[in-house]
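Novice: Need coordinates for the following:
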Amino acid sequence: MKKYNFIKAQLAKTNKKNDENYVVTRIWHKLDNLDVKFVTQQYVVRDDGRYALTDMYFPQIGVHIEVDEPHHIHQIIQDEIREKDIVSITNHEILRVDVSEDLDAINNQIEFIIQYLNKKISELGREFEPWDIERENDPKTYINKGYIELKENVAFEKCVDVCNCFGHNYKSWFKGGAKHPYLDDTRLWFPKLYPNDEWDNSITSDELIIREKSTDKSKVKAHMEEHIESNIHNRIVFAKVKGPLGDVMYRFKGEYKLNIEQSYSENCLVWERSATRVKTYNPKIR
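Specialist: Now for the predicted structure:
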């Protein structure tokens, strides 16, 4: 039922866009494969750093579909998307459907996409992981795997799930970060990577740099010194975002290391991505 509700919600997002609705629903029904996950209206950051909105996204195979409507341009304003779930499309593919053509031509384009998607799935063979909506948000999935990888677009529904991937055994957790049970120089971090009431945080379009700064100018220096003088200069980052159903999720962005020299230069904490794969752990015996 959870998967059914997810699918209905994704299709419903296209209801008021006739061309998009026709293409998306036809692709989904002709693909006819419940092992494949799709997301509609997925925000992405392109290789050139600009933001865009793709009409249909298949995360298991890194393929996006864009419906090219006449005079249709996605105009994305930074303030409108800052809380959204944004996926980097580096190494992803974009397939287009031109709906200005006649119906037979549109359907032929869709048929090509169906064949292409099935080909991509077939080429992955055993590496293709069937969509299991329960497993994808379960810490045990990644503990058993032994790692979390950036390219897999991992996101959890709660920050407590993140904590338990790295050796905690919490029932709940509501703070903006947590200590790493196994690594003394590393902290788990759940930031909002956009300006908000307390923090003026940001992430570069390539997601290689995170800047962290208090909005209270009187606290900036003390905050910087506290973290620079500590021995905890690594952070495993799961950014707080709005997921595909409008719900809050925590998406893995990588492991980041504090650049002390650059932090002093910019008068804020500057974190540089140091790894795209991090090890997961069984609960630590206390």
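Novice: The nearest residue to E255 once chain neighbours are set aside: neighbouring residues, count only.
Specialist: Excluding its sequence neighbours, the residue lying closest to E255 (CB to CB, 6 or more residues apart in numbering) is A275, at 4.0 Å. Any C-beta I mention is one placed from the backbone N, CA and C, and that applies to glycine too. Neighbour count of A275, defined by other CB atoms under 10 Å: 13.
Novice: pLDDT value on A275, please?
Specialist: In this model, A275 is scored at 97, pLDDT.
Novice: Can you pull the poorly scored residue ranges out of the stretch 101-250 of the chain?
Specialist: Scanning the stretch 101-250 of the chain for pLDDT under 70 picks out no residues.
Novice: what ranges do the helices span in the stretch 51-200 of the chain?
Specialist: 78-81, 103-124, 139-145, 159-165 (DSSP state H, counting those that start in this stretch).
Novice: May I see the buried residues of the longest one?
Specialist: With burial defined by 16 or more other CB atoms under 10 Å, the residues of helix 103-124 counted as buried are 106-107, 109-110, 113-114, 117, 120-121.
Novice: That one: how far from the chain's middle?
Specialist: With CA atoms, centre = their mean, to the nearest Å as the basis, helix 103-124 stands 25 Å off its chain's centre.
Novice: CA atoms only for that helix, dumped as PDB, please.
Specialist: The C-alpha coordinates for helix 103-124 follow below in PDB (Å, rounded to 0.1, in the frame of the first residue of the first chain):
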ATOM      1  CA  LEU A 103       0.200  11.800 -31.600                       C
ATOM      2  CA  ASP A 104       1.900   9.000 -33.500                       C
ATOM      3  CA  ALA A 105       5.200  10.800 -33.300                       C
ATOM      4  CA  ILE A 106       4.800  11.400 -29.600                       C
ATOM      5  CA  ASN A 107       4.000   7.800 -29.000                       C
ATOM      6  CA  ASN A 108       7.000   6.700 -31.000                       C
ATOM      7  CA  GLN A 109       9.200   8.800 -28.800                       C
ATOM      8  CA  ILE A 110       7.700   7.200 -25.700                       C
ATOM      9  CA  GLU A 111       8.200   3.800 -27.200                       C
ATOM     10  CA  PHE A 112      11.900   4.500 -27.700                       C
ATOM     11  CA  ILE A 113      12.200   5.600 -24.100                       C
ATOM     12  CA  ILE A 114      10.500   2.400 -22.900                       C
ATOM     13  CA  GLN A 115      13.000   0.300 -24.900                       C
ATOM     14  CA  TYR A 116      15.900   2.400 -23.700                       C
ATOM     15  CA  LEU A 117      14.900   2.100 -20.000                       C
ATOM     16  CA  ASN A 118      14.500  -1.600 -20.300                       C
ATOM     17  CA  LYS A 119      17.900  -1.800 -22.000                       C
ATOM     18  CA  LYS A 120      19.500   0.100 -19.100                       C
ATOM     19  CA  ILE A 121      17.900  -2.100 -16.500                       C
ATOM     20  CA  SER A 122      19.000  -5.300 -18.400                       C
ATOM     21  CA  GLU A 123      22.500  -4.000 -18.700                       C
ATOM     22  CA  LEU A 124      22.800  -3.600 -15.000                       C
END
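Novice: outside of it, which residues touch it?
Specialist: Residues outside helix 103-124 that contact it (CB atoms under 8 Å, 6 or more residues apart in numbering): 22-23, 26-27, 30-31, 33, 36, 58, 60-61, 63, 65, 95, 97-99, 101, 128.
Novice: Put the buried members of those into a PyMOL selection.
Specialist: Buried subset of the contacts of helix 103-124, written as a PyMOL selection, criterion 16+ other CB under 10 Å:
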select buried, resi 22+23+26+27+31+36+58+60+61+63+65+95+97+99
